[in-house]
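**Student:** Sequence plus predicted model, see below.
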Amino acid sequence: MIELTKEYKEEDFEPEEENTKEGPQPTDCMTHTLTDHANPQAIKVEESLKQQAVTILIKTRSTNNFMNSKVATQLMLQNEDCSRFDIEITDGRILKYSQLKLFLQGQRIIANFFLLPLDDYEVVLNTKCLTTLGDVP
């Protein structure tokens, strides 16, 4: 789970006068794990889903949400009382489209997901579903 360790203010990022008499100073550092330095529109987040570690890719350009179908089956994710339909794509495969309830850093997200066999990530979220959260503490 990712937690904020220090509250930063705008003045924290203002340059300070350099003191050349002192030795090296420790540096506070905030980092985001980017999936690809050439693609700053994607952020990789490690999270737990039903006590299982999952890697979530948040992509600004993704038009849909995707979940690894094996993970959904393993975790026996419930989609009761939610809409569900299947889509046949051009190569004849049937994609399952389910509405699932997830908790990401304590915030509930209800979103539609295509269930696909994904290799590198368990979940891919578009940023549209994150906008439903409002302000995150």
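**Tutor:** Arrived safely, thanks for sending.
**Student:** remind me, longest helix of the protein?
**Tutor:** Scanning the chain for the helix with the most residues, using DSSP state H, yields helix 69-74.
**Student:** Give me the buried positions along that helix.
**Tutor:** For helix 69-74, a neighbour-count test (16 or more other Cβ atoms under 10 Å) marks 69, 71, 72 as buried. Placement of C-beta: from N, CA and C, glycine included.
**Student:** Might you list the low-confidence residue ranges for this protein?
**Tutor:** Applying pLDDT under 70 to the chain flags residues 1-40, 78-87, 96, 103-105, 130-137.
**Student:** any idea where the helices of it begin and end?
**Tutor:** Going by DSSP H, the chain shows helices at 69-74, 127-130.
**Student:** Ok, which of these comes nearest residue 93?
**Tutor:** Proximity to residue 93 (Cβ to Cβ) singles out helix 69-74 among these, at 11.4 Å.
**Student:** Show residues contacting the closest one.
**Tutor:** 49, 52, 54, 96, 98, 100, 113, 115, 116, 117, 122, 123 (Cβ atoms under 8 Å, 6 or more residues apart in numbering).
**Student:** On the strand side of things, show who residue 46 bridges to.
**Tutor:** Beta-bridge pairing for residue 46 (DSSP bridges): residue 55.
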